[in-house]
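Undergrad: My questions are about this predicted structure, shown below with the sequence.
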Amino acid sequence: MLNAKTTDATPRLRRHLRRATLGLAGGLALALSAGLALADPAKVLIPANPGGGWDGAGRQTMAAMNQAKIFTDGVNFTNKGGAAGTIGLAEFVRTAKGDDNALLVTGVIMVAGVITNKTPVSLNDTTPLVRLTNEYNAIAVPADSPIKTPQDFIAALKADPGALSVGGGSAGGADHVMLAMLAKHAGAPVNKINFVAFSGGEILAALGGGKIKAAISGASEFRQFAQSGRIRIIAVSGPTRLEGLDVPTLKEAGIPVEIGNWRGFVGAPGMSEAGRKAWLDRFAKLHTSDVWKATLKNQGWEDAYLSGPEFIAFLKSEETNWAQALREVGIVQ
Amino acid sequence: MDTLTQLIAGFAIALQPINLFWALVGCALGTAVGVLPGIGPALTIALLMPVTAQVAPESAFIMFAGILYGALYGGSTTSILLNTPGESGSVMTALEGNRMARTGRGAAALATAAIGSFVAGTFGTLALTFLAPAIAELAFIFGPEDYFALMILSFTSVAVVMGTSRVRGFTALFFGLALGTIGIDTQTGQSRMVFGTLELLDGISFTVVLVALFAVGETLYVASRNAQVQAVMNPLSGGVWMTKEDWARSWKPWLRGTLIGFPIGSLPAGGTEIPTFLSYTLERRLSPHPEQFGEGAIEGVAGPEAANNAAAAGILVPLLTLGLPSTATAAVLLAAFQNYGLQPGPLLFATNPGLLWGLIASLYIGNVILLVLNLPLVGIWVRLLLIPRPYIYAGIVVFALVGVWGLSTSWMDLALMCGLGLIGYMARVYDFPIAPALIGLILGPQAEIQLRRALAVSQNDWSVLVSTPISATLLAIAALVLVLPLLLRRMRRVERRIEEEAAAK
């Protein structure tokens, strides 16, 4: 705790000094700036287009940090979307080297994207910092479906995997891999599963209209349609039940499948030890702040804070698990 | 009557001076981004979201609605005057609109576009107010096979806009289809024709192709011909205003465009483009002057412009009633709702009626503001044509470069724009139509996805494609559209031969 305070004091002191010197030059500018333009702003690369999940993760997190007065030197955002975030990753590795204030928003989709797209760079080329949020998946069926429990779903999958059309996000994503894991558990041939890829809201219309037999997607996407009675959520993929949702976890149903869509931050390649520590401290402070708790609630994100060496170990295990899972689904040969 | 009282309460909110101000800001901003290629309403709203965090949600959404409608008004202006559509929904407008501008009827084209947008926007908003819950149910009725049939209908009906010869038209169409196959295949996750480049994994951006083929190609063409053709255009040879005949020829296409645009726009996979294709084809079929199409027929501007505005109102139906985003813009709007801790859907009508009805009321107001903003500007816009061509085309190239770079900050997109621009130039020189290439690029991937979804669900049983009444009907119409003109032509030829024989006797 004491340690954390001293490391934080250094940049703050430096900032005060810088403000003081510049203050001599122009008092009015100083009063207005409040550290916005004068100090070293963070450069956050968002590997997706404006409006998506990563965009929200990047902008909301940095806004919360500013609001909680943890990092108030301003932020420059760059959106560089495409190819599951790997285009942003390649750009980040190429341009941000050694920059202590450069951050990249990342997540499970990028881990999978690096493997599927066989990109020359990977998250190992960056300085891993922190996992912040998680969103668990859910399985939903049309309201009048005979499938009522996770066991029914497994039974249907076992009986005829081809006949059970299951919608989800992009092929090779968390939804697809989750279905493959379920098929494996059911003892059904993984190469026979009938995964139908959707984008955006179309999946809800297809499921509500009974065009597909089931769907796997982020739990929050299903919530409202489940409340209005158009679809039924039969299972969630997290370790515990979700608040306000009377639905069993897969684990409770005896199905050892746990998969989630996590998001976090990594730092620039070759980030200095001091820089890394400073950012880890800032994220640690953010995690305990009330502002962050409000942000999580507003955005419907689940707290999944994991930092430092634990996060590095987690990244490693994710890479091995995903490489194996994607081979099994047939996305990677 | 409950709807009416709610709507009146909504007007009370939307008419507050501060909200009127935001509506005006949104409309002006929307018109501006509509004019610029590459910058669309989705990107604008996404970038404004953090800025509006301090504004009350009512005001923010009223501004966003202004941007959504404004972009469609603005998109038509550059289509008509400069043959450079700012948005994908304005591609069809360029076909006839630019011809009209070249013959000095630019003001009439702009006016019919603006008034058509107003009519369609108003009727669309009325439908949104009173019919939204019923129309939203369409989303659950349409399955992949129905969407596929709708795409096929669009394909066959645009076969008529193929330009001077069928071979040229189909060449352009297949060029667009080929471009559309580049990138990750969504159903299997495999990459296709990316040649090992990360930048191509998400496919070629529609905006890049749009800007390259239209703006860059056109600029190169004008530059190459500038020395020879000193075209002195009188921008106002047809008068500033629409003539009586223009009105008579416009009002039906406005209404028909609205009727096509609103329901298709409200489908989760509908969008604003397909209604414009269908509307153009329909007007060409129904017009008493089909020979004028391709030379500047006002119906060809009035119909598609009404269709794309009605579709924009339609997009709000699944978003507000079900919380279903159907386009990029709707997805950003959904994110904006969530930013304020609101979840669109049936519950929102109960929990936050002030915001929702204020938003709907602001759509009526936005339409009036846009009409008032755009009609007087028509006279100023057409003056663009008085600017010497070298300056204006230099300006277009700068806007094109900035727009494409701003879209993705990707050198690959810039290189593609230059390469495709050369192809656009060749197309102009050898008289290949450009619209079919864009139609192929838009519809090809959509048709493929829907076809493969339908087949996946049916486990490769092809009969699924005619299994629903909607898909069977749409496919039947598509077949008719393709076969009927051939039959008619043959019949006419036979008739003529009989007449000739009769005359010879």
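TA: Perfect, I can see it now.
Undergrad: only C-alpha atoms for contact and neighbour calcs from this point on.
TA: OK.
Undergrad: Can you show me the strands along the chain?
TA: Using chain A. Secondary structure of chain A (DSSP state E): strands located at A:42-46, A:75-79, A:102-107, A:127-142, A:165-168, A:194-197, A:214-218, A:231-236, A:260-267, A:302-307.
Undergrad: actually it's chain B I care about, not the one you picked
TA: Going by DSSP E, chain B shows strands at B:183-184, B:191-192.
Undergrad: and the first one, what does it pack onto?
TA: In other words, strand B:183-184. Helices and strands touching strand B:183-184, by 3 or more C-alpha pairs under 8 Å, 6 or more residues apart in numbering or on different chains; DSSP states H and E, are strand B:191-192.
Undergrad: For the strand it packs on, give me every contacting residue.
TA: Contact with strand B:191-192 is made by B:181-185, B:201, as judged by C-alpha atoms under 8 Å, 6 or more residues apart in numbering or on different chains.
Undergrad: from the chain's centre, how far out does it sit?
TA: Relative to its chain's centre, strand B:191-192 lies at 28 Å (C-alpha atoms, centre = their mean, to the nearest Å).
Undergrad: Tell me which strands it pairs with, and in which orientation.
TA: Paired strands of strand B:191-192, with direction, are strand B:183-184 (antiparallel) (DSSP bridges).
Undergrad: Skipping adjacent residues, who's closest to residue B:249 in space?
TA: If the residues on either side of it in the chain are set aside, residue B:249 comes closest to residue B:299, at 6.3 Å by C-alpha to C-alpha, 6 or more residues apart in numbering or on different chains.
Undergrad: Could you identify which of the strands of chain A has the lowest mean pLDDT?
TA: Mean pLDDT is lowest for strand A:75-79 among the strands of chain A, at a mean of 82.
Undergrad: what does the stretch 401-505 of chain B put close to chain A?
TA: Counting by C-alpha under 8 Å from any C-alpha of the partner chain, the positions of the stretch 401-505 of chain B adjacent to chain A are B:408-409, B:453, B:456-457, B:459.
Undergrad: Can you give me the pLDDT of residue B:409?
TA: pLDDT, residue B:409: 74.
Undergrad: Could you report the neighbour count for it?
TA: Residues within reach of residue B:409, counting by other C-alpha atoms under 10 Å in any protein chain shown, total 16.
Undergrad: wait, what's in contact with it?
TA: Listed by C-alpha under 8 Å, 6+ apart, the contact set of residue B:409 reads residue A:80.
Undergrad: How much space separates it from residue B:41?
TA: For residue B:409, the distance to residue B:41 (C-alpha to C-alpha, to the nearest Å) stands at 18 Å.
Undergrad: Tell me, how many residues neighbour the closest residue to chain A within the stretch 351-500 of chain B?
TA: Residue of the stretch 351-500 of chain B nearest chain A, by C-alpha to the nearest C-alpha: residue B:457 (5.6 Å). Counted with other C-alpha under 10 Å, the neighbours of residue B:457 add up to 24.
Undergrad: how much space between it and residue A:302?
TA: According to C-alpha to C-alpha, residue B:457 stands 33 Å off from residue A:302.
Undergrad: I'd guessed residue B:153 sits against residue B:472; true?
TA: No: using C-alpha atoms under 8 Å, residue B:153 makes no contact with residue B:472, being 11.1 Å away.
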